[in-house]
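Asks: What would the 3D arrangement of this be:
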Amino acid sequence: MSRRKRKGNYAVYVNHISSHLFSQDNKGAHNCIYISYIALRCQAWLRMVCVYGIIVLTLVRRLPMRTPREGRAKQEAMSRQNVLYHNAESVTDELFQTEDFFDPHDLIQVKYEMLRRVRTDNWSVTRAADTFGFSRISYYAIQRAFDAEGLPGLLPRKRGPKQPTKLSDTVIAFIDEQREQTPPPSAAHVQALLAEHLGVTVHKRTVERVLQSKKKRPGSGDDSSSART
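Replies: A predicted model of the protein is given here:
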């Protein structure tokens, strides 16, 4: 077969690949065809590199990717359902960094994967809590809710009318742990964290009273009993 005829067959082959791999409204297909025709004048190995390059680039372009608009719409929907994780930037788990399926803004998915890392992958509680942006106290509260209710237990508690809540040891320990942060968070911020992590609603003034009592008597054992009113 003559060199000219081989080039002609190669051109038909390139057109065939382009027509199948690229959609009709993709302008990049025309550019790739032109590049392929230019490569006809090069050596055989370079022509094959050109063909394989077209195939690889096309497969990459066809991978399902989440657009910024889709991401915002999903986050807005999760926010309406009160399942948006506002501490998403603290999630450093490898799966959430490399796999599009894992969304660090999905509070339910984040909680479930944190529990799975400990139970299935034998992570320590401290490592899992730090990796997913929770405290150890929050982890155990999430674990108890999941053991008692399954996946529904991972849903945040519905925020109804604010009623006085008896402060348990877990709630007081959580507030005390937040007080140790630098800089110390405000009472409103701690109140929001209690609702998100422990699923309890505590009045802002109650949180302030616990924080102030800890400051006045840091070594007293009567703090907890005086705060449970």
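Asks: got the buried residues for stretch 169-179?
Replies: 171-172, 174-176, 178 (16 or more other CB atoms under 10 Å). Every C-beta, even on glycine, is put in place using the N, C-alpha and C of the backbone.
Asks: Arg116 falls within a strand, correct?
Replies: No. Counting by DSSP: H, G, I helix; E, B strand; the rest coil, Arg116 is not part of a strand but helix.
Asks: So what's the residue count around it?
Replies: By other CB atoms under 10 Å, the residues close to Arg116 number 12.
Asks: Please convert the buried residues of stretch 169-179 to JSON lines, extending it with pLDDT and secondary structure.
Replies: Shown next, in JSON lines, are the buried residues of stretch 169-179 (pLDDT from 0 to 100; DSSP: H, G, I helix; E, B strand; the rest coil):
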{"residue": "Val171", "pLDDT": "83", "secondary structure": "helix"}
{"residue": "Ile172", "pLDDT": "84", "secondary structure": "helix"}
{"residue": "Phe174", "pLDDT": "85", "secondary structure": "helix"}
{"residue": "Ile175", "pLDDT": "84", "secondary structure": "helix"}
{"residue": "Asp176", "pLDDT": "83", "secondary structure": "helix"}
{"residue": "Gln178", "pLDDT": "83", "secondary structure": "helix"}
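Asks: Nearest to Arg205 among these?
Replies: Ile175 (12.9 Å; CB to CB).
Asks: List of residues touching stretch 132-150?
Replies: 85, 87-88, 90-91, 93, 110-115, 118, 125-126, 128-129, 153-154, 170, 173-174, 177, 197-199 (CB atoms under 8 Å, 6 or more residues apart in numbering).
Asks: re earlier: list just the nearest of the buried residues of stretch 169-179 to Lys204.
Replies: Among the buried residues of stretch 169-179, and counting by CB to CB, the member closest to Lys204 is Ile175, at 11.9 Å.
Asks: Spatially nearest residue to the closest one (excluding sequence neighbours)?
Replies: Distances taken as CB to CB, 6 or more residues apart in numbering place Val210 nearest to Ile175, at 5.0 Å, with adjacent residues excluded.
Asks: which of the residues in the helix or strand where that neighbour lies are buried?
Replies: Mapping Val210 onto the secondary structure by DSSP states H and E places it in helix 204-216. By 16+ other CB under 10 Å, the buried positions in helix 204-216 come out as 206-207, 209-211, 213-214.
Asks: out of the residues you listed, who's nearest Phe101?
Replies: Val207 (36.9 Å).
Asks: residues in contact with the closest residue to Ser124 other than its chain neighbours?
Replies: The shortest distance from Ser124 to any residue other than its chain neighbours is 7.4 Å, reached at Val118 (CB to CB, 6+ apart). Applying CB under 8 Å, 6+ apart, we find Val118 in contact with 124-125, 128, 139.
Asks: List only those of those flagged as buried.
Replies: Buried subset of the contacts of Val118 (neighbour count, 16+ other CB under 10 Å): 128, 139.
Asks: In helices, which of the contacts of Val118 fall?
Replies: Here DSSP state H is the test, and these give 125, 128, 139 as lying in helices.
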